[in-house]
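*Asks:* Any chance you can model this:
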Amino acid sequence: MMRGETVYVTMLGTFSLAYGGKQVRESVFRETRPWQLMKYLMDSRGRAVDQEELVRVLWQPENCGQDVCGTIRVRLRRLRESLEQIGLGDIRTGLVLYAQDKFSLNSDYELDLDTQRFRSLCRREEDAALPPAQRLEACRGALALCTGPYLERSKPAVWLETGRTETAAQFRRLALTAMNLSRKAWDGTLGPALSAQVLCMAPEDEELNTKLMSFLVSSGCAAEAVAHYAQLSRMTEARGRQAPPLTAFQHI
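*Replies:* Next up, the predicted model:
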């Protein structure tokens with residue numbers, strides 16, 4: 001393994017790792033303990049994490065039984081078995097290192113995280129010195145990375161809240177900015193893609209969905225506005241809630 005090889009990490013949506021042209025991702029059915037470990041280490045990248053922290057933050061002592069160290073070793077072994085599918089499972093040269101009762105990510109690998117690219121594009125969009133067209137391009141690039149909330153399939157946890165809250169707030173701001181810049185540029189091509197992104201990232205944000213539907217209609221995409229509302233209604237009802245009233249969108 002040569003120093004500087006890149007591991008591509010997806011944190012927005014379903015967590016996945018790609019390396020050497022291969023990809024491995026967490027199960028879409030349930031979150032397993034080995035993947036909890038991997039996601040926490042990635043969220044905590046840049047520092048070593050000891051066993052006591054892992055048990056306290058992720059699993060609680062009572063869920064590990066008396067042999068806490070043994071339980072963690074089993075989960076580490078299973079994680080490495082998954083990482084071996086893409087060539088990152090080796091004990092000494094793989095992505096996850098364990099020494100002196102501490103876990104860390106191997107610094108010999110360069111990590112390319114979608115969240116880092118997302119934040120970089122957000123900063124570019126915020127640069128008022130850039131022409132509107134370049135700011136809109138940055139908006140589009142950042143929004144395209146949003147295939148789901150931050151570590152979407154993770155169970156709610158305190159350590160996740162910062163990433164989820166920040167990402168959701170940035171997404172909302174970007175979506176509104178993109179619509180505003182598109183209107184000024186008379187660019188009607190944003191709507192369909194943004195519809196899918198808002199349904200994925202913010203289906204419960206009634207104000208954002210209302211503004212999006214208005215934007216779709218004003219951009220000549222009335223059919224897409226109707227389709228957006230229909231899909232939003234299905235998603236809302238699937239969660240056991242009443243579909244948003246049509247009166248919420250009466251101004252469009």
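*Asks:* check contacts around residue 121.
*Replies:* Shown in contact with residue 121 (CB atoms under 8 Å, 6 or more residues apart in numbering): 138-139, 141-142, 145. Yep, even glycine has a C-beta here, placed from its N, CA and C like the rest.
*Asks:* Specify the residue ranges that define each domain of this structure.
*Replies:* 6-111, 188-252 (automatic domain parsing).
*Asks:* what stretches of this structure score poorly on pLDDT?
*Replies:* The chain contains residues with pLDDT under 70 at 1-4, 60-68, 242-252.
*Asks:* same thing but 80
*Replies:* Applying pLDDT under 80 to the chain picks out residues 1-4, 28-31, 59-71, 239-252.
*Asks:* Tell me where it has strands.
*Replies:* 6-10, 16-19, 22-25, 49-50, 96-99, 102-105, 110-113 (DSSP state E).
*Asks:* Give me the buried positions along stretch 71-81.
*Replies:* Neighbour-count burial for stretch 71-81 flags 71-72, 75-76, 79-80 (criterion: 16 or more other CB atoms under 10 Å).
*Asks:* I'd like the distance from it to the chain centre, please.
*Replies:* 24 Å (CA atoms, centre = their mean, to the nearest Å).
*Asks:* Please apply the same query to stretch 189-203.
*Replies:* That offset, for stretch 189-203, works out to 15 Å (CA atoms, centre = their mean).
*Asks:* contact partners of that stretch?
*Replies:* Outside stretch 189-203, the residues touching it (CB under 8 Å, 6+ apart) are 13, 136, 140, 143-144, 146-149, 168, 171-172, 175, 178-179, 182, 205, 208-209, 212, 215-216, 219, 221, 224, 227-228, 231-232, 235-236.
*Asks:* cool, and stretch 12-29?
*Replies:* Residues contacting stretch 12-29 (CB under 8 Å, 6+ apart): 5-10, 32, 35, 38-39, 42, 82-83, 85-88, 95, 109, 114-115, 118, 145-154, 167, 200.
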